[in-house]
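A.B. asks: generate coordinates for the sequence data below:
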Amino acid sequence: MANTREIKQRIKGVEGTKKITKAMKLIAASKLKKAREMHDKTLPFFKHIREVMVDIMRSTPDMKLIYFDKRENKENRKKGYIVISSDTGLNGGYNSNVIKYAVSNIDKKNSVVFPIGNVVKNYMIKNGYNVVTDLGIKKYSVTTITAADIAKHMVKLFKDGEIDELELIYTDMESIMNLEPNSIKLLPLDNKDFNASSEGIKTVLEFAPSPEIVFERLTNQYVKGILYGGMVESFVSEHFARMNAMDSATTNAEKVSKKLTLDYNRARQQAITQEISEIIGGAMNIN
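C.D. replies: The predicted structure is shown next:
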């Protein structure tokens, strides 16, 4: 058994770790609440955009736009993936789960990966994926402004033919106990997603300057909305996973601290007993 001084140092180290994990848990909880509030405030706006796009599709069913071009027969067709992870660890299986999901869905040969987060970026580069770090932004943050800049950049890549399909891979917080990696297609758009049937339409809508131009501008907002939703879900999932990880770490630290305290008391008692025995032994030798 270690001596009392060594055990005391270990207890001090564990208690210091416990303070850090408690603080990180509180920070994660605060960020989680803030992200949820941001998402709830902006969700109605993006739902309204989709409704307007549905109205345009129903009013002008013959409208032809590049955003619906699937390019299925194009040679060397490239599929782009935006994959969201965190910059750091200490969040349980959050990063490993989304990376496993991405690897199982991405064709390394004909795909381009646009990573968000250092963990997925480093993994993809290390394992030979075609990684492009330019997302059209200087610094990543979970805001509508960042989502708008990324959406604008990705839509341009699609229009220019540099990517022919775009998918978002993120982590969805389905419930408090269930964080699941998920994917959603951003481009090209699909008529089925907008229920673009003109049946039952009684009024003819007019758009200025034209339905095509209005729809093109809304497409950027639509992609931005889906992307922002995925960013927020990933952000919430990351901090919820970190909060749970730090809670478990704090609980484990408390268990270790209690065990070390018992070891310390035993060692201290043993040292006292040994000291008493030595005193008694010395006294007996004198007599």
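A.B. asks: chain center to the one helix or strand residue 49 maps to: distance?
C.D. replies: Residue 49 belongs to helix 4-59 when assigned by DSSP states H and E. Here helix 4-59 is found 10 Å from its chain centre; the criterion is CA atoms, centre = their mean, to the nearest Å.
A.B. asks: equivalent analysis for stretch 233-243, please.
C.D. replies: Computed by CA atoms, centre = their mean, the separation of stretch 233-243 from the middle of its chain amounts to 7 Å.
A.B. asks: which residues make contact with it from outside it?
C.D. replies: Residues from elsewhere that reach stretch 233-243, judged by CB atoms under 8 Å, 6 or more residues apart in numbering: 24-25, 28-29, 31-32, 35-36, 39, 84-86, 90-94, 98, 142, 170-173, 176, 179. For every residue, glycine as well, the C-beta is placed using N, CA and C.
A.B. asks: so for the helix or strand hosting residue 251, mean pLDDT?
C.D. replies: Using DSSP H and E, residue 251 falls within helix 211-286. In this model, helix 211-286 carries a mean pLDDT of 80.
A.B. asks: can you check stretch 41-55 too?
C.D. replies: Rounded mean pLDDT across stretch 41-55 is 70.
A.B. asks: any idea of the angle the helix holding residue 251 forms with helix 4-59?
C.D. replies: Relative orientation of helix 211-286 versus helix 4-59 (axes from the mean of the first three to the mean of the last three CA atoms, to 10 degrees): 170 degrees.
A.B. asks: could you number the chain from 58 rather than 1 from now on?
C.D. replies: New numbering, starting at 58: the last item is helix 268-343.
A.B. asks: residue 196 versus the residue positioned nearest the centre of the chain, what's the distance?
C.D. replies: Residue closest to the mean C-alpha point of the chain, counted by CA atoms, centre = their mean, is residue 291 at 2.8 Å. According to CB to CB, to the nearest Å, residue 291 and residue 196 sit 17 Å apart.
A.B. asks: now do the contacts for residue 178.
C.D. replies: 142, 172, 188, 190.
A.B. asks: between those, which is nearest residue 179?
C.D. replies: residue 172 (8.5 Å; CB to CB).
A.B. asks: so the residue nearest to the closest one when sequence neighbours are not counted is in which element?
C.D. replies: Distance criterion CB to CB, 6 or more residues apart in numbering; nearest residue to residue 172, sequence neighbours excluded, is residue 178 at 3.9 Å. Using DSSP H and E, residue 178 sits in helix 175-183.
A.B. asks: beyond that helix, next helix or strand please.
C.D. replies: Following helix 175-183 in sequence, per DSSP H and E, is helix 201-216.
A.B. asks: kindly export that next one (C-alpha atoms) in CSV.
C.D. replies: The C-alpha coordinates for helix 201-216 follow below in CSV (Å, rounded to 0.1, in the frame of the first residue of the first chain):
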residue,chain,number,x,y,z
THR,A,201,-27.5,31.7,-39.6
ILE,A,202,-24.8,33.9,-41.1
THR,A,203,-22.4,31.0,-41.3
ALA,A,204,-25.1,28.7,-42.7
ALA,A,205,-25.9,31.3,-45.3
ASP,A,206,-22.3,31.6,-46.4
ILE,A,207,-21.8,27.9,-46.6
ALA,A,208,-25.1,27.4,-48.5
LYS,A,209,-24.2,30.1,-51.0
HIS,A,210,-20.8,28.5,-51.6
MET,A,211,-22.2,25.0,-52.1
VAL,A,212,-25.0,26.2,-54.4
LYS,A,213,-22.4,27.8,-56.6
LEU,A,214,-20.3,24.7,-56.7
PHE,A,215,-23.4,22.8,-57.8
LYS,A,216,-24.4,25.3,-60.4
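A.B. asks: show me what that helix is packed up against.
C.D. replies: Contact partners of helix 201-216 among helices and strands, from 3 or more CB pairs under 8 Å, 6 or more residues apart in numbering; DSSP states H and E: strand 136-141, strand 222-232, strand 235-244, helix 268-343.
A.B. asks: quick one: contacts of the shortest one?
C.D. replies: The set of residues that contact strand 136-141 without belonging to it, under CB under 8 Å, 6+ apart, is 155-156, 159, 162-164, 167-174, 177, 181, 192, 207, 211, 214, 220-228, 243, 284, 287-288, 291.
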